[in-house]
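Visitor: Just to be clear, the model below is a prediction. Sequence and coordinates:
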Amino acid sequence: MDTKEQWIGTLTRRETAMAAFARTRPEDTDLRRSGHALTPKQRDVLRLIAGGRSAMQTAAALRVCPRAVAYHKYRMMQQFHLPTTRALVQFALQLGMVA
């Protein structure tokens, strides 16, 4: 079974994105360490988005263009193999990367 089929199967059973990620990526046993791979700008973007800000509000707060925010968010989602912004926020909250 490929990764895409695993994601669809686990998310349809209403598991959290974190549980699905942990099961499909068994080589990453220390997920907390994965957060240290983020750049300072990615951490800032993640903190603001997880805090409920939109991409436009995040861009204004960081004094960057909205496209830069979208790019940082996209790169984090690719890095952690997360399908949605919601999954990215859940991932960050469960790892304690944001309060």
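Guide: Ah, there it is.
Visitor: Need the per-residue pLDDT for residue 94.
Guide: pLDDT recorded at residue 94 is 86.
Visitor: Ok, residue 33 next?
Guide: In this prediction, residue 33 has a pLDDT value of 54.
Visitor: Residue 76 contacts residue 38, doesn't it?
Guide: Yes. Residue 76 is in contact with residue 38 according to Cβ atoms under 8 Å; the separation is 6.8 Å. The way it works is simple: take the backbone N, C-alpha and C, and place the C-beta from them, glycine included.
Visitor: Mutual contacts of those two, please.
Guide: Taking Cβ atoms under 8 Å, 6 or more residues apart in numbering as the criterion, residue 76 and residue 38 both touch residue 46.
Visitor: Between these two, which has more neighbouring residues?
Guide: residue 76 (22 against 19; other Cβ atoms under 10 Å).
Visitor: and the more buried one, what helix or strand is that in?
Guide: Secondary structure assignment for residue 76, by DSSP states H and E: helix 66-79.
Visitor: mind listing what's buried in that helix?
Guide: 68-69, 72-73, 76-77 (16 or more other Cβ atoms under 10 Å).
Visitor: possible to save the residues you listed as JSON lines with distance to residue 96 and pLDDT?
Guide: Listed next are these as JSON lines, based on distance: Cβ to Cβ, whole Å; pLDDT from 0 to 100:
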{"residue": "68", "distance to residue 96": "25", "pLDDT": "96"}
{"residue": "69", "distance to residue 96": "22", "pLDDT": "97"}
{"residue": "72", "distance to residue 96": "20", "pLDDT": "96"}
{"residue": "73", "distance to residue 96": "19", "pLDDT": "95"}
{"residue": "76", "distance to residue 96": "16", "pLDDT": "93"}
{"residue": "77", "distance to residue 96": "19", "pLDDT": "93"}
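Visitor: which one of the residues you listed is nearest residue 94?
Guide: Set against residue 94, the nearest of the buried residues of helix 66-79 by Cβ to Cβ is residue 76 (14.4 Å).
Visitor: Could you list which residues are in contact with residue 50?
Guide: 89, 92-93, 97-98.
Visitor: which residues of the protein score low on pLDDT?
Guide: Within the chain, the stretches with pLDDT under 70 are 1-36, 99.
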